[in-house]
Each structure stands twice: as C-alpha cells, then as structure tokens.
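1. structure, please.
(chains A and B, ligands or ions: 2)
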Amino acid sequence: MIATDAKQPPATNAADRRTPCVNDFSITIATVNGAGSQTANNTLLRAIHKMGVPVSGKNIFPSNIQGLPTWFTIRVSTAGYLARREQNEVLVALNRASLQEDIRNLASGGICLYPLDEQLPLRRDDVTFYPMPVNELVKQSGADLKLRPYVANMVYVGALAWLLEIELPEVEAALSHQFNGKQKAITLNYATVQAAYDWAAANLVKNDPFCIERMDRTTGTFLVDGNSAAALGAVFGGVQFAAWYPITPSTSIVDHLSDYLHRLRRDPDGKATYSIVQAEDELAVIGMVVGAGWAGARSMTATSGPGLSLMAEFAGYAYFAEIPAVIWDVQRMGPSTGLPTRTAQDDILAAYTLGHGDGRHICLIPGTVNECFEFGSMALDLAERLQTLVIVLSDLDLGLNLWPTKPFSYPDRPLDRGKVLSAEELTRLQGDWKRYADLDGDGICYRTLPGTNHPAAAYFTRGTGHNEAAGYSERPEDWAANLSRLARKHDYARTIVPAPVIDPVNAAEVGLISYGSNDPAIQEARDLLHASGIASSYLRLRALPLESSLTEFISSHKRLYVVENNLDGQMRALIQLHAPADADRLVSIAKCDGLPLTADWIAASIAALEAKEEKP
Amino acid sequence: MTATTESAAVNRIGLSKADYNGASSTLCNGCGHYSIANVIIGAAYELGLDPTRIAKFSGIGCSSKSPAYFLGKSHSINGLHGRMPSLATGATTVNKDLVAIGVSGDGDTGSIGLGQFKHLLRRNVDMVYLIENNGVYGLTKGQLSATADLGQKSKHGGLNELPPIDLCLEAIIAGCSFVARSFAGDPKQLQTLLKAAFSHRGTAVLNIISPCVTFNNGEGSTKSYVWGREHELPLHEINFIPLEHDEIQADYEAGAVREVAMHDGSLIRLRKIDQEYDPTDRMAAIRLLEEEHSGQMFTTGLLYINEGRQTLAEHEKLVALPLVHLPDEKLRPSRAALDAINAEYS
Ligand SMILES: Cc1ncc(C[n+]2csc(CCOP(=O)(O)OP(=O)(O)O)c2C)c(N)n1
Ligand code: SF4
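-> Ligands and ions are numbered 1, 2, ... in the order given. Have a look, this model is predicted:
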C-alpha cells in the first residue's frame, strides 16, 4: 500500500450528496490521443454492461495519431437511453491540455479523478476531487517501461471500480474479453486494477452519490460497433469481392471483413472463396467493384464522403448500365477533408443522386448495429435483385462506437442472385433474349454473365444510349424508354427496400421523422417532450427511395420535424420533393458540429417551436 | 479471301472466321483501329479461342469503341475514360476463366488512365492490353495526347513542345511482364504478337501505332501510315507457335532463332536482327527505348518478356473454381459459425 497524503479538497455547495444517484449518469475519460486508453475504457464499459446496466460508449477523438485531446464518454442509464448527453457527472481528467475546460464542463455535484501530482488549474466548490497516485501505482505494477502507459490507464479503472462499486470479477472478465484470453496481459492489467482499487478503498473518502448497482436489463445482449456488424453482415451475405482504399471512419469495415473472411471463407486447403484488393484510389476501387459485379460476383466497398465523391462517375454508370455493386458510406463531417474523425449525416443528397444525368440510387440507412448486420447482406441481395448500385449510409457514431445489441440472427432467406440467365435457359429460349427488355413489368431485365457458354449470351455493356437489345442507339425514343424503365425499376425498389419503423401515438399532432444513428437521441427526446406535455409520433426512415407509409405519416400529423445531423436538412429536402404539397409543414431540426445529436437539444429545439404562438 | 472460302473453313473448335466478327464498324475508313480489330478477329480465330469465354474491356475513345467491331459473341464492357484497368481487375479476379482483352487509346491509357494502367501492370492482371496509339484524341476531334510527338501540330495550330510519354517504357518500369510494340499497318507481325500475348500469363501490353487518318496522319507525324512504313524497324521476326500447331515451325530458319517459353508450354521464337538484343533483359529493353527516342525511331516486336511473375489471381490464393461459379453454400457460412461469433461477442 502506498502511503500518500491524498488529501481531498473539501467539497462544499455540491448537489445533494446523500440521495444516491444509481445507474444514471455519464462518465468522461479525458486523455491524450495515443495514450492507449481504449482498452481501459472498453473494460469499464463492458464491466458495467455485464452488471446488467444499460450503457453506451462514445469515443470522441481527433484526426491525429498522438498528442491531441480525446474523450471517451460512457452513458449509464437505467432507462436504457444510449444517446450522448451534453454534460457529464464523472470526469477522469488525464489530459493536462484540456483539464481546465474539462473541469469547467462537469455537471454541478460531479466528481473529478485526477493524477495526484497534477496541479489543478481550476477548483470548483460544487465538484468533488479525488486524486489518484497514478505514477506510484504504475511503478509498483512491475510492468516494464514500455507497458507502463497502458497499465497507467488501469489505475482509473480500479479507482472508479471502488468509487462507483463496479464489481471486480466483471472487470476481470471484461479484461479477459479485451485481451482475447491472453493470460499474461490480463494478469498484469488486473493487478494494477486491484492495486488502485485497494489504494482507493484505503485512502479515499467517498463523498458523492454516484454508484452502479447490478440490474438485469442487458441480459442476452452484447456490445459491438457498427462497422464490425456491417462486415459480418456482408460475410453472411456471401460477399465475393471487395476493393477498398483506406479512409476514416470506414476502414475498419474492410479490416473486419478481411478477418472474418479469412476465418470463415477458406477451403480446408486454405484457398480463399473471396478476394479483397486494396486499390490505388477510390476511382479504381469503384471500377473494380463494378467490374466484379458485372462479371457476376457479390461485390462491395466501404468508404466515406471524399471517397464517395471520387466514385461519382462510376456510380452513375452502374445505375445506367445496371450493374450490381454495394458501397458502404460511413459518413463523417464536412467536405474533404472536413473533420474526418467526427460524425455527421451529410452525404444524403450526394449519395442518392451520385453521378451525372438522371439517376437515383437505392440507399439503405441502418439505425442500429443490428441493422448494420442485416443490411450488410441485404444490400448485396438488393443490388443483385435490382441490378443496380446500393449505397448504405452509416456514420461514424454508429460505425465506430460500441452499442448494445441482441445476437445477430442468421439470414433466413437464400441469397438473392436476381434475374440471371444460364446457358441452359438461353437454349430453352432458343437464344431469344434481349438484355434490356422488361418482361416482368418491374423494370428489371434479365442479364447474362460473361463466360456463359452460349452463342447468344453476350451483350455489350455501355454507358451510352442503348436499345432493348443493348445495341448502341441515339434514337430519342430508345433513350426515353430506357430512362422511364429505370424509373419504373426505382419505383419497384420502393416496395422492397426496408420500410420505415413507425411508432404512432394516438392523437399526437407532432410527428418526428429521422434516421440512422439519431434514433437513441430521438427516443429519449420524445420522453422529454412527453414530460413537458408534447406527445409525438415517430417515423424512422431506413431507405431511399422514400415509400408510401411516409406519405401517410405526413398527412396524419399536423406538425412535422425532420431531425438530422447535417446543417442543410438534406433529408427534409428529399422528403419535400417526395411530398411537395406538404413541403411547408416539414420543419428542419438540423445540427452539424461533429458530435452526435443529444436528446436535450432535440427536445429543446422542438419545445421552443411548439411554444410559439404561431406554430410551424 | 472470298466469303465462300471463309465460311467453309473452321478452326480447331469448329468455328468459322465469321463467328469472330462484330458489328459493322463506324470508325473512319482507313483508321488504324479498324485493321487492329481485324487482326484480333484473325488471332482469336487462329488460336481457336472460345468467344463466349472472352471478355472485352475498354475505356472511352474511338479505340475504346472498337470492341463492338470484333468478337460479337463475347461479353463486352465499355466503361469510363481511363478506367478500363480497374474494371478488368475486378472482373478477372472473380472469374479467372475469362480470357480478357482490353482495348484503350493513348489518351485513355497515357493521360487520364496512366495511374490505373501502371497499377494494373503492377498487379499483373491476367489480360491482353492493347493500346491503339495515334498520338491524338480521336473521339474528341484531334487534341494532342500525351504520346504526341515533340513538335506535332495540334488541330488548332498549336505545337506540342512537351516530350511524349512512351507507354512501353512506362509499362516496363511498372513491372509489366510482356511488352511489345507493333504497327496497325503490319497485320502479320501484329497478329503473331497478339497470339503470343494471349498465351502470356499476366498482363501483355501491345502498344500499337494506329494512325488516325482524320486527325493525325499528316506528313511528319510518327503516327502516320507513311512514317510508319518508312521508319518501322522490326526488331526481330517473330512467330508464335501454340502447342497445337507445330506445323508453323517450318517457317523458321535454324540458327538465328531464339525461343522464349510461354507458361503453357508453347514457344515464341524470335529472330533477332540485332544479335545483341535479349528480350528477357529488362535493362536492355529500357536502354533500347531510351535510345530510340533521340532518333525518333520505333522498334517493333517483343521488347520485353518475363514469364516468371505471379498474376494477381495467383497472388490472391483463390480456390480453383472461379469465384463467380461457387455455389451459394460456399458463400454463406453456416448457422453454427454465426452462433460461435455471437457467443464470442457475448
Ligand atoms: C471523364 C472524361 N473526360 C473526358 C472525356 C472526353 N473524351 C472522350 S474520348 C477522349 C479522348 C480519347 O482519346 P484516345 O484515348 O487517344 O482514343 P482515340 O479516340 O484517339 O482512339 C476524351 C478526352 C470523357 N469521355 N470522360
Ligand atoms: S477520328 Fe481518328 S481515331 Fe477516330 S475513328 Fe476516325 S481515324 Fe480513327
């Protein structure tokens, strides 16, 4: 045990310390980028999750490898709210550069853990300060110099475990999960946790209301990030080919894809049933993906806004030449390069209309990690069924952060390979087949794949004007007929893309429309609004093109708020085009500052408008 | 050859030459691209390639349009300007049984597509890559391309003062394992080189001087017919002998013959004019190309070959069956596999 004179500054004026605050607060860990705190943070997160208490974790990090401030926030919520909050009650202040600001931002009555030898630049009477002898404990750990910074992070895990009553066996289990069962690492880290815990028990006097108590609200769920789920979804969707070029925050989709495929999709002799090519740029990425789709493979890539824009010409081509391909766009903030490590939903318009000339793409918009999994395979199905490009619009918040989810369910339908004619079928048709003839009235035509061993199988794929037989044509009638067939196909797509999730509330005048990772914030905002007397229905979009239930939702509500994480209200603009008669009634609640939306902000924005004499 | 003899004759897989035709050409009469299309038909016919196994790839330009005019029974994709290499990379990776032939222009390959060209070669994608090089942009009507000669006049009178990019040199530097140059006006040599290219495993680049009779066939242009006929300097007589056709062997004179073994066991035999020249010597090829620049000379023939490089598909360690032919059960892992992953996460 270290003998320290860890005198705690007296806490006065703080919020009521006697009423316990159980399972309802947020923790922020402020560190320096590159300090290796991720393992410690995830250990805490998982331990709390395993105690049955709903949690979510968000990593707010800079676009830099080392030295800049980074924050990890853990929301602990009995009610199961997962959204980011504006304020935090518990601060682990390990970054000198942001110390002052971090202390200033703490909620009144909050607590601050900090390294014992740190000079605090700011004292607050309404905050309890707990010093931790980080350096001493690290020295005691026996870890060699190289490992010490990592071990240092375990000090706050141990101290918080004591302060908040996080069960140590769950911490140990979480460490084991983090280190994949590697005993040496587990032992070393856990020893530091235990030492910090013992030190805190012996030296700190708990003077705050925050604690974590075991519940049973997380049974049957686990924590996972959207990008892992997306990759896994694609693997179980039978992906055959992926090309990519690294870009934050999409890179981990391909990293995970590569890991899972390596493990699950090799023959006993080690040969692969898939191929992943790292291309020289996104222009080549999409060319490879379209080439593989044309040749008959389930083909995908993952990118972010700047990459997506480089793919524009091929995207328009794939639409027009009717080639299946999937792009996962994990959105981040701003133009190239914007804020590459901050979240946004700002590629909506660009993605839907990517390319030149007339053309619209199928967009899938997952709102949960489970949907990332589901859409991972569904996107490949839809691309082949519709013979077109499918863009999945995820974002950094959903893609990189850990969210609780139910286990992934095995896809219950066979792979949908779409309308592909084999040589045998061509023989049966006596070779009478036209590539762009709409025989079924759904706008989707029959295709053949290169290499089909039949003299009538071949056709010429091109971006130029073509007739039904895929022959070059500049006849206005051919061009117009082709475009209207493509529009018909898009209309058919409307009926098979995932429908919105709707939670109608009887007699509610207010309708909220949103999508993607905003979901948790909206759910919480609705409760806040409800508490202030505003009842609201909620429709969560999951795909473009927009479909009919949206139109009904709009007409059955008096006031409609479209909530999104971009400045221009991009989805509102699309909805206005979809429902022009109601355009004026669609009010944009939009914000883009690099952070996920909060329930407080959404509820306050709507409440303010609702309070107006002349409501929107 | 008359129509009757043509239809009577069939190749080793029982197809007539007409079975290798495409749509009728809309290229300018006398365009070099036109004769190249005919040579492709001839080579594919003579080799007895199955047209349904061939996939044609192209970018944008008059040259890139030309796949419509040959091998009408083969699938074709006319993609984007400069980005045929990536299309071909994706398609051939997922179906390595395809016999891939790419057709591009000097603008398509040497300007907008230079990056993709170099990376295709670096990956050694298994395909024949033809550059129909006319020193101009044909389809957009006569602008200078990156392979235009120093001093070449552009349509609007400007002089090209920039050095041309030598696509053969670029190819060798990028690691290409088969680099040849030929001339659209010498169909005999071209066809032989093309047949060799089809047998090469990896990317085989044929940079073919192909005169644009409409925009760049003026006197003094190194891409004109006149200049080509006068200045062509065949490096060696070359004949390709596929395994099935040993009868061609008779054409060779003993002594001055050099053999290069192709991966499938067939041989290309080279008769060197310059006894010193060794097409497996990469530095010699680079030196030759550097030297000819000063004399505005182009050497035709096989400039460089290296049969030892791994192709992209080999590098990827794929299963024997092309990926596109795998049954769905091979593609979706089992329910138990997902259960195991769910358990790991829990
Ligand atoms: C992205 C893009 N930029 C420009 C063009 C216009 N364009 C069409 S063909 C061409 C040049 C073709 O020249 P080359 O590849 O040398 O072929 P050629 O027509 O001479 O055979 C250009 C610039 C285009 N189609 N796409
Ligand atoms: S413009 Fe030139 S390149 Fe194009 S078809 Fe005519 S001759 Fe050939």
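
2. residue contacts, the residue most central in space within chain A?
-> For chain A, the residue whose C-alpha lies nearest the mean C-alpha position (Cα atoms, centre = their mean) is residue A:398; its distance is 1.4 Å. Residues counted as contacts of residue A:398 (Cβ atoms under 8 Å, 6 or more residues apart in numbering or on different chains) are A:226, A:366-369, A:372, A:516-517. All C-beta atoms are positioned from the backbone trio N, CA, C, and that covers glycine.

3. in those, find the pair that's most separated.
-> When Cβ to Cβ is used, the two most widely separated members of the contacts of residue A:398 are A:369 and A:516, lying 11.9 Å apart.

4. counting neighbours, go ahead and name the busier of these two.
-> Ranked by neighbour count (other Cβ atoms under 10 Å in any protein chain shown), residue A:369 and residue A:516 place residue A:369 first, with 30 against 26.

5. separation between the more buried one and residue A:48?
-> 18 Å (Cβ to Cβ, to the nearest Å).

6. could you provide the contacts of residue A:398 in TSV, with additional columns for distance to residue B:58, pLDDT and secondary structure?
-> Listed next are the contacts of residue A:398 as TSV, based on distance: Cβ to Cβ, whole Å; pLDDT from 0 to 100; DSSP: H, G, I helix; E, B strand; the rest coil:
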residue	distance to residue B:58	pLDDT	secondary structure
A:226	39	98	helix
A:366	37	98	coil
A:367	42	98	coil
A:368	43	98	coil
A:369	42	97	helix
A:372	37	98	helix
A:516	39	98	helix
A:517	42	97	helix
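
7. list just the nearest of those residues to chain B.
-> Chain B has its nearest neighbour among these in residue A:369, at 10.4 Å by Cβ to the nearest Cβ.

8. how about the helix or strand encompassing residue B:198: buried residues?
-> Counting by DSSP states H and E, the element that carries residue B:198 is helix B:187-199. With burial defined by 16 or more other Cβ atoms under 10 Å in any protein chain shown, the residues of helix B:187-199 counted as buried are B:187, B:189-199.

9. pLDDT wise, what is the residue in the stretch 101-250 of chain B that ligand 2 sits nearest to at?
-> The nearest approach of the stretch 101-250 of chain B to ligand 2 comes at residue B:138, 2.7 Å away (Cβ to the nearest ligand atom). Looking at residue B:138, its pLDDT stands at 89.

10. residue A:17 now?
-> Reported pLDDT at residue A:17 in the predicted model: 58.

11. all strands of the stretch 51-200 of chain B, in order?
-> All strands of the stretch 51-200 of chain B, identified by DSSP state E, counting those that start in this stretch, fall at B:54-58, B:75-78, B:99-105, B:127-133, B:136-137, B:143-144, B:178-183.

12. list the pairing partners of the second one within its sheet, with orientation.
-> With DSSP bridges as the test, strand B:75-78 is paired with strand A:460-462 (parallel), strand B:54-58 (parallel).

13. winner for burial among those strands?
-> Most buried of the strands paired with strand B:75-78, by mean neighbour count (mean count of other Cβ atoms under 10 Å in any protein chain shown): strand B:54-58, with a mean of 29.

14. and that strand, how far out from the chain middle?
-> 11 Å (Cα atoms, centre = their mean, to the nearest Å).

15. can you check stretch A:239-257 too?
-> Distance of stretch A:239-257 from the chain centroid (Cα atoms, centre = their mean) equals 15 Å.

16. what about that stretch, near chain B?
-> Yes: Stretch A:239-257 lies within reach of chain B by Cβ under 8 Å from any Cβ of the partner chain, at A:239-241, A:243.

17. now do that stretch: distance from first to last residue.
-> Start to finish, the residues bounding stretch A:239-257 are 9 Å apart (Cα to Cα, to the nearest Å).

18. list the buried residues for it?
-> By neighbour count on 16+ other Cβ under 10 Å, the buried set for stretch A:239-257 is A:239-245, A:247-257.

19. check stretch A:431-451 too.
-> Neighbour counts over stretch A:431-451 (16+ other Cβ under 10 Å) mark A:433, A:435-436, A:438, A:442-451 as buried.

20. filter these down to the ones in helices?
-> Among these, no member falls in helices (DSSP state H).

21. can you redo the residues you listed as a markdown table with pLDDT and distance to ligand 2?
-> Output for the buried residues of stretch A:431-451, formatted as a markdown table (pLDDT from 0 to 100; distance: Cβ to the nearest ligand atom, whole Å):
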| residue | pLDDT | distance to ligand 2 |
| --- | --- | --- |
| A:433 | 95 | 31 |
| A:435 | 98 | 26 |
| A:436 | 97 | 26 |
| A:438 | 97 | 34 |
| A:442 | 97 | 39 |
| A:443 | 98 | 35 |
| A:444 | 98 | 35 |
| A:445 | 98 | 31 |
| A:446 | 98 | 33 |
| A:447 | 98 | 30 |
| A:448 | 98 | 29 |
| A:449 | 98 | 31 |
| A:450 | 98 | 26 |
| A:451 | 97 | 30 |
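
22. of these, closest to residue A:382?
-> Looking across the buried residues of stretch A:431-451 and measuring by Cβ to Cβ, the closest to residue A:382 is residue A:444, at 11.2 Å.

23. which ones are touching that closest one?
-> Taking Cβ under 8 Å, 6+ apart, we find residue A:444 in contact with A:385-387, A:418-419, A:438, A:489, A:492.

24. filter the residues you listed to the buried ones?
-> The neighbour count (16+ other Cβ under 10 Å) marks A:385-387, A:418, A:438, A:489, A:492 as buried among the contacts of residue A:444.

25. can you redo these as a markdown table with secondary structure and distance to ligand 1?
-> Conversion of the buried ones among the contacts of residue A:444 to a markdown table gives the following (DSSP: H, G, I helix; E, B strand; the rest coil; distance: Cβ to the nearest ligand atom, whole Å):
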| residue | secondary structure | distance to ligand 1 |
| --- | --- | --- |
| A:385 | helix | 30 |
| A:386 | helix | 26 |
| A:387 | coil | 24 |
| A:418 | coil | 29 |
| A:438 | coil | 28 |
| A:489 | helix | 25 |
| A:492 | helix | 31 |
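
26. helices of the stretch 401-550 of chain A, residue ranges please.
-> Counting by DSSP state H, counting those that start in this stretch, the stretch 401-550 of chain A has these helices, from start to end: A:423-428, A:476-496, A:519-531, A:548-555.
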